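In: return atomic coordinates for the entry below.
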Amino acid sequence: MGFSPIHSQVLTRHLAPDQNTEEIIPFPLDENIPFYMQPEVDFDKVLEQDMANGITIPRFAVKVEQNYTVKDGLWSQLGGMRIWQIGFSTSDASSLNFLISDLNLPIKSEMFILSKNGRIIHGPITPNVVFDHVYASDIIESNDAIIVVKCNKDNYNQFSINVNGVCQGIPKPIETRDWQDADSCNYDVNCSVGAGWENERDAVALVIKNGTEWCSGSLVNDECQDLRPFFLTAFHCLDLNEDGELSNSEKDLSNYTFRFKYEASDPKCPGKSTGTQGNWITYSGAVFKAAYFTSDFVLAELNGSIKGQSQITVAGWDNRNITPTSTTIIHHPIGDAKKITLDFDTAQQSTIKGRQCWWLQVDLGATDHVSSGAPYFNQDKRIIAQHYGVNDANLPVCSRANKFGGRFDLSWTGGGTNDTRLSNWLGGSNPPNTTNTIRVPTVNSITSNDFLICTTNKQITLSNAIPGRTVSWSVNNTTLFATTNGAATSGNGIVAILRAASSTSSGSAVLTFTLSQSGCDDIVITQAIWVGLPDFGLIYNDPVCVGDYEWAFLDLYGARAISLGTIDWTFSGVINGTGTLNKARFRGMTPGWGEICIKATNGCGERLKCFSIYVDYCGGGQYSIQPQEKKIVKTSSNQLLHVNPNPFNNTAVIHLSLFNANDENLIKIYDITGKLIVQKHILENNTIIDLSIYPSGIYFIHYRNDNQVLTEKIIKL
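Out: The predicted structure follows:
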């Protein structure tokens with residue numbers, strides 16, 4: 001099934017052995033991109049500082065402040081495409097993720113973040129998922145990662161980016177807080193004990209906080225059931241200094257990431273998760289709405305729309321003070337795949353550390369760090385609390401039966417103001433006491449070829465229509481469609497019947513379902529469709545030079561999953577080559593004309609197109625993809641950067657043997673935790689640094705000019 005244009009989610013994929021990177025990223029990656037070695041981080045030191053500061057939200061990474069912009073990457077070109085790439089490496093981090101500001105993705109551009117081996121891919125990130133020019137990425141489980149952006153040649157100069165935070169994952173076995181790390185008494189959510197909880201399961205997400213910490217939480221329904229992406233989590237997840245109040249910076253959720261469908265493919269019941277991690281759905285950023293310390297809740301609204309996202313639900317709730325007779329927790333303990341925990345007995349009310357909670361004594365499963373904020377569902381599958389913590393943390397995880405969750409009924413009225421209660425956001429003029437979990441409506445096809453429309457009637461259905469709303473539908477580009485024998489271009493109800501106007505009709509269109517209810521905003525669900533035979537162009541560099549190997553890429557005019565089946569490539573004339581999937585590698589053998597022919601098929605038939613290409617001498621030959629002059633990137637060099645003395649007491653001299661005063665010469669100094677403490681432009685090759693106000697320890701000097709990047713470790717006595 002294809003994804004509709006309205007979606008604001010980004011997929012994170014762990015490729016199966018039979019999948020290729022080019023299936024996801026349909027353009028070439030330059031092997032000579034600059035890789036920037038990141039400063040070493042003393043992870044033990046950071047964790048010790050967290051403990052000394054009383055921070056209880058578990059950390060999985062350390063943010064290192066950086067300032068990588070467009071000029072630090074490498075541009076290349078292929079026909080009408082411009083491709084920008086930059087790489088990052090660490091010595092011992094378990095993962096990398098990125099905090100990005102000043103991000104402007106031009107129209108029709110795409111960004112991907114991937115592991116160097118191409119097996120983990122986060123993307124495509126498109127302009128509609130970026131809000132206020134800020135983006136927080138998902139986690140790439142690798143110590144080498146690449147950011148790649150594809151733009152059109154007409155607007156690539158509008159692209160901007162500032163990678164201001166490179167988050168390095170804490171290596172194992174220093175801490176276990178990730179995939180397969182939860183204790184063996186946990187039950188994966190897809191175990192048999194989770195049967196019947198599938199809808200509630202799909203509302204729950206792992207929350208990645210500012211790129212370094214995490215919690216759990218869930219989407220929640222509202223009175224209108226209008227799919228506003230309200231998200232419920234715990235107050236203490238945001239209260240970094242645990243003073244019982246949230247500052248403006250703590251309410252800033254722009255660098256939060258919300259990961260849905262993070263589940264084990266081979267559930268263990270109980271046991272540690274096995275199998276593959278699968279594909280996740282992520283949203284970047286949210287807006288704070290309300291919070292209340294006494295019931296330990298925070299309500300936010302995700303940036304972007306969940307409309308049309310079939311794998312996501314919004315959870316129902318009960319705002320009454322009614323004791324649950326059984327309770328279920330769905331959560332991400334220790335940052336692991338989603339788990340389920342069950343209490344078969346009646347809950348009790350209790351107060352713990354100033355929070356008014358429902359108190360459980362669970363019978364199956366456990367909770368752990370990162371379970372914070374997870375929803376508690378009553379026997380009717382409605383949220384009645386979100387997880388606060390335990391009072392028996394001195395016991396092993398699997399022996400901790402007591403669980404406490406901030407009460408939803410108290411959160412409803414909260415502190416009596418809009419920013420301290422739920423009722424203003426989830427209720428209305430006549431709010432109900434309860435809502436049920438609903439699955440997001442989505443467009444489905446009940447016949448083959450998904451959303452491909454040929455010359456026979458095709459029925460396309462809206463699934464999970466919301467009770468109480470009327471449904472109508474329509475398509476654009478109406479000249480592509482027939483309007484006889486049951487087919488139409490608009491109608492009422494959840495079923496659309498479409499047919500191509502003729503065997504020569506070909507092109508893209510959008511099917512729109514509108515769900516309406518008096519007193520509530522319309523819900524609009526869209527789905528891209530393709531009519532008729534596949535259609536495409538060919539992207540390659542011109543001129544093609546004798547002897548040079550070139551890339552050619554299929555420029556498909558519709559989404560691949562919808563409009564295309566198979567591709568066959570043939571080469572003739574003065575050109576030899578081979579083609580696979582959507583790309584080919586070819587070579588001009590002598591001057592003259594050659595031809596590349598492509599036969600593309602789908603369920604409507606096949607289309608053959610041939611492209612004539614002239615091969616020239618080009619004055620002795622040239623490379624087809626012309627990169628800009630590439631920066632020299634080095635991680636350290638004793639011939640170019642000297643610090644004397646080293647170790648030192650308070651001051652030292654930095655000497656640059658190849659100093660050029662015409663360059664932009666910038667020095668940054670980081671402490672062992674990755675915190676930037678000094679930044680200055682230098683004007684001569686001998687520069688004094690003064691660290692007298694900083695404690696003894698290890699620091700890192702990061703020097704950059706127009707052509708090179710250098711890093712040096714220094715020690716202050």
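In: what's the burial count for residue 395?
Out: Residue neighbour count, defined by other C-beta atoms under 10 Å, stands at 11 for residue 395. Quick note: C-beta positions are derived from backbone N, CA and C, even for glycine.
In: which SSE is it in?
Out: Assignment of secondary structure by DSSP states H and E places residue 395 within no helix or strand.
In: can you get me a residue count around the residue nearest to residue 119 when sequence neighbours are not counted?
Out: Closest residue to residue 119 apart from its sequence neighbours, by C-beta to C-beta, 6 or more residues apart in numbering: residue 15 at 5.0 Å. Using other C-beta under 10 Å, residue 15 has 19 other residues around it.
In: quick one, what contacts residue 15?
Out: Neighbour list for residue 15: 21, 24, 118, 119, 120, 121 [criterion: C-beta atoms under 8 Å, 6 or more residues apart in numbering].
In: repeat for residue 320
Out: So, once contact is read as C-beta under 8 Å, 6+ apart, residue 320 ends up touching 409, 433, 434.
In: go on, residue 598?
Out: 536, 538, 554, 567, 568, 569, 570, 579, 608, 609, 610, 611.
In: centre of the chain to the helix or strand encompassing the third one, how far?
Out: Taking DSSP H and E as the definition, residue 554 sits inside strand 549-556. Computed by C-alpha atoms, centre = their mean, to the nearest Å, the separation of strand 549-556 from the middle of its chain amounts to 28 Å.
In: which residues touch whichever helix or strand comes after that strand?
Out: The first helix or strand that comes after strand 549-556 along the chain, using DSSP H and E, is helix 560-563. With C-beta under 8 Å, 6+ apart as the contact definition, helix 560-563 has outside contacts at 1-2, 26, 450-452, 508, 528-530, 534-535, 556-557, 582, 602.
In: correct me, but residue 491 touches residue 475?
Out: No - between residue 491 and residue 475 there is no contact, the gap being 10.0 Å when judged by C-beta atoms under 8 Å.
In: which one of those two has more residues nearby?
Out: Neighbours per residue, other C-beta under 10 Å: of residue 491 and residue 475, the larger number sits with residue 475, 21 against 12.
In: mind listing the helices for the stretch 201-350 of the chain?
Out: For the stretch 201-350 of the chain, the helices identified by DSSP state H, counting those that start in this stretch occupy 235-238, in order along the chain.
In: for it, give me the ranges with low pLDDT.
Out: When residues are selected by pLDDT under 70, those of the stretch 201-350 of the chain lie in 274-277.
In: just the chain next, same as before
Out: The model of the chain has pLDDT under 70 over residues 1-8, 173-181, 274-277, 445-449, 561, 619-640, 658, 672-674, 706-709.
In: care to break it down by domain?
Out: The chain breaks down into these structural domains: 10-169, 197-236+253-435, 441-531, 536-616, 632-716 (assignment by automatic domain parsing).
In: those into CSV, with extra columns for distance to residue 244?
Out: CSV is the format used below for the domains of the chain (distance: least, C-beta to C-beta, whole Å):
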stretch, distance to residue 244
domain 10-169, 13
domain 197-236+253-435, 5
domain 441-531, 36
domain 536-616, 49
domain 632-716, 26
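In: so which of the ones you listed gets nearest residue 182?
Out: Between residue 182 and the domains of the chain, the tightest spacing by C-beta to C-beta is seen for domain 197-236+253-435, at 3.9 Å.
In: buried ones in stretch 249-260, by neighbour count?
Out: 250, 252, 253, 254, 255, 256, 257, 258, 259, 260 (16 or more other C-beta atoms under 10 Å).
In: nope, stretch 528-539 is what I meant
Out: Across stretch 528-539, burial judged by 16+ other C-beta under 10 Å covers 528, 529, 530, 531, 532, 533, 534, 535, 536, 538, 539.
In: may I have it exported as CSV, CA atoms only?
Out: The C-alpha coordinates for stretch 528-539 follow below in CSV (Å, rounded to 0.1, in the frame of the first residue of the first chain):
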residue,chain,number,x,y,z
ALA,A,528,-1.9,9.0,-4.6
ILE,A,529,-3.1,6.8,-7.5
TRP,A,530,-1.8,6.1,-11.0
VAL,A,531,-3.8,5.7,-14.1
GLY,A,532,-2.7,3.5,-17.1
LEU,A,533,0.7,2.4,-18.4
PRO,A,534,3.8,3.5,-16.5
ASP,A,535,5.5,6.6,-17.8
PHE,A,536,9.1,7.8,-17.2
GLY,A,537,12.1,9.8,-18.4
LEU,A,538,15.8,9.1,-18.2
ILE,A,539,18.3,11.0,-16.0
